[in-house]
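J.: pasting the sequence and the predicted model now:
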Amino acid sequence: MAEDRTLVIGAGPAGLAAARALKEQGLPYDHVERHSAVGGLWDIDSPGTPMYESAHFISSRTMSGFPGYPMPEDYPDYPNHRQILAYLRSFAADAGLADAITFSTEVVTIERGDDGAFTVTTRAADGTTQTRRYAQVIAASGVQWDPNVIDIPGYTGEIRHSVTYRDPSDFAGRRVLIVGAGNSGCDIACDAARSADHAAISMRRGYWFIPKHIFGKPVDVFAESGPSMPMWLEQAVFGRLLRVINGDPTRLGLQKPDHKLFETHPLLNDQLLHHLQHGDIAARPGIASADGTVITFTDGTTEDVDLVLLATGYRHTIAYAQDLYGDEQHPDMYLTAFARTPGLYGIGFVETNSGAYILMDMLSQMVAQHIADRTRRPGAWKAFERHVATDRPDLSGGINFVDSPRHTGYVDAHAIQKYLKAVSRRMGWALR
Ligand SMILES: Cc1cc2nc3c(=O)[nH]c(=O)nc-3n(C[C@H](O)[C@H](O)[C@H](O)COP(=O)(O)OP(=O)(O)OC[C@H]3O[C@@H](n4cnc5c(N)ncnc54)[C@H](O)[C@@H]3O)c2cc1C
């Protein structure tokens, strides 16, 4: 069947991790990428990327590289997007992955036959299509390409999603409202604070703003180097520390967090507080209504703006095979990587509170060894498939994540790593 080959879709960090793992297992694979080069969303020239000029890593250089391939020593604590791209390209070259990638080739459909094989249709840049069959498919096509757009009834100014934002020149001479306070929303709000005629940010709830450094160390390095504490104690100790450092958020027009520390995706940003403290930007709660270019917020305040930039996140669409992967916001995959359909996998779908590349690598090694088991240890393969169908572990690590679409399927990095190690031990799989 399909020469027992695997197809990897996408040459961002997740696709590279998957390809390295398959190569290490000596498994035959093809690798396709619709853009003309390696790097995924970190290539600001890749059409449709959400990347913008002021973007930096949110997890530190020390905690974020691929296992066995640390980021260069001369990188800063939080590398910028060009440095991440250069790092990914070096990784692809040094791991011998680049030559195996077919660029400018997009997967357009995947169908599953009665024999369990996948018929994959690809389209090249010149429009020619090709069809091939594969025993296994790994989707590593990214989750930050399909914008989640909201409607603001009554608003007549320009509305754009942050996926189209590139640099602060977009804001020159304009009155701007950023909607949403994720990491990108806060970065872009800071650009607006410095460049727009007037800037405001709307956030529906209060958040914990975590500084990028504590006692001169990147915050994730600091957190890992301290003593291991139960989550309730960590929340109490670090929550108190943040309250001491940041003071009362309502002084700056922000709402008090309605949740404990760590119960939402970490927001690492010191600059937004700086700009609020200097009056460069106004903080507003959620939008209540709009009339022309005037937007009214839930506390009755208003902003007259000619540009609304929606930093409202993305849907985790897998457009070429949605029916096989299920729900487009959160594809249903065991441990975020094993689809409930045998032979189908996804890397890069893990939503977590730490650097993602270590997890991408662990999951890739597990997927590759499961694929190897299919022919080398069919009994082990079948046993694991039963697991995939039924096991639904709690990977929250005891954290009561806020009930929102952003946190559906969200996992605690320590909890999932511990579980992946236990599953791998049981299956006899080696992890780096
Ligand atoms: C501003 C910003 C900051 C971030 N900071 C961090 C951080 O600090 N730490 C961290 O761990 N993560 C961070 N992330 C998360 C980020 O998502 C990952 O770093 C990473 O780029 C995701 O990798 P990926 O390979 O899953 O997806 P992508 O990088 O999106 O790559 C997917 C690739 O698949 C290709 N593709 C898509 N569809 C097809 C198709 N049909 N056929 C062929 N190819 C296709 C795309 O062209 C792309 O090259 C950040 C993200 C953003 C936007």
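T.: Noted; the coordinates are in hand.
J.: could you chop the protein up by domain?
T.: Domains of the chain are assigned by automatic domain parsing as 6-145+314-427, 149-310.
J.: ok, which stretches of the stretch 1-150 of the chain are strands?
T.: Taking DSSP state E, counting those that start in this stretch as the criterion, the stretch 1-150 of the chain contains strands spanning 6-9, 29-32, 101-102, 105-112, 118-124, 129-134, 136-139, 146-147.
J.: any idea of the pLDDT on the nearest residue to Tyr87 once chain neighbours are set aside?
T.: Sequence neighbours aside, Met71 is the residue nearest to Tyr87 in space, at 5.5 Å (criterion: C-beta to C-beta, 6 or more residues apart in numbering). The way it works is simple: take the backbone N, C-alpha and C, and place the C-beta from them, glycine included. For Met71, the pLDDT comes out at 97.
J.: pull the number of nearby residues for the residue in the stretch 101-250 of the chain positioned nearest to the ligand.
T.: At 2.3 Å from the ligand, Gly142 is the closest residue in the stretch 101-250 of the chain, using C-beta to the nearest ligand atom. Using other C-beta atoms under 10 Å, Gly142 has 25 other residues around it.
J.: which ones are touching it?
T.: By C-beta atoms under 8 Å, 6 or more residues apart in numbering, the contact set of Gly142 is 10, 12, 14, 40-41, 348.
J.: which helices and strands does the helix or strand hosting Ala189 pack with?
T.: Assigned by DSSP states H and E, Ala189 belongs to helix 183-195. Under the contact criterion of 3 or more C-beta pairs under 8 Å, 6 or more residues apart in numbering; DSSP states H and E, helix 183-195 touches strand 175-179, strand 198-202, strand 267-268, helix 271-277.
J.: now that helix against strand 198-202, angle please.
T.: 160 degrees (axes from the mean of the first three to the mean of the last three C-alpha atoms, to 10 degrees).
J.: need the contact partners of helix 183-195.
T.: Here helix 183-195 makes contact (C-beta under 8 Å, 6+ apart) with 50, 52, 54-56, 58, 162, 165, 167-169, 171-172, 176, 178-179, 181, 199, 201, 203, 265, 267-269, 271-272, 275, 280-281, 309, 311.
J.: hmm, try it at 7 Å
T.: Under the contact criterion C-beta atoms under 7 Å, 6 or more residues apart in numbering, helix 183-195 has outside partners 50, 52, 54-55, 58, 162, 165, 168, 171-172, 176, 178, 199, 201, 267-269, 271-272, 275, 280-281, 309, 311.
J.: check stretch 202-214 too.
T.: With C-beta under 7 Å, 6+ apart, stretch 202-214 has contacts from 78, 177, 179-181, 218-219, 222, 242, 245-246, 249, 254-258, 261, 264, 266-270, 272-273, 284-287, 297.
J.: if you set the cut-off to 6 Å instead, what comes out?
T.: With C-beta atoms under 6 Å, 6 or more residues apart in numbering as the contact definition, stretch 202-214 has outside contacts at 179, 181, 219, 222, 242, 254-258, 261, 266-270, 273, 284, 286-287.
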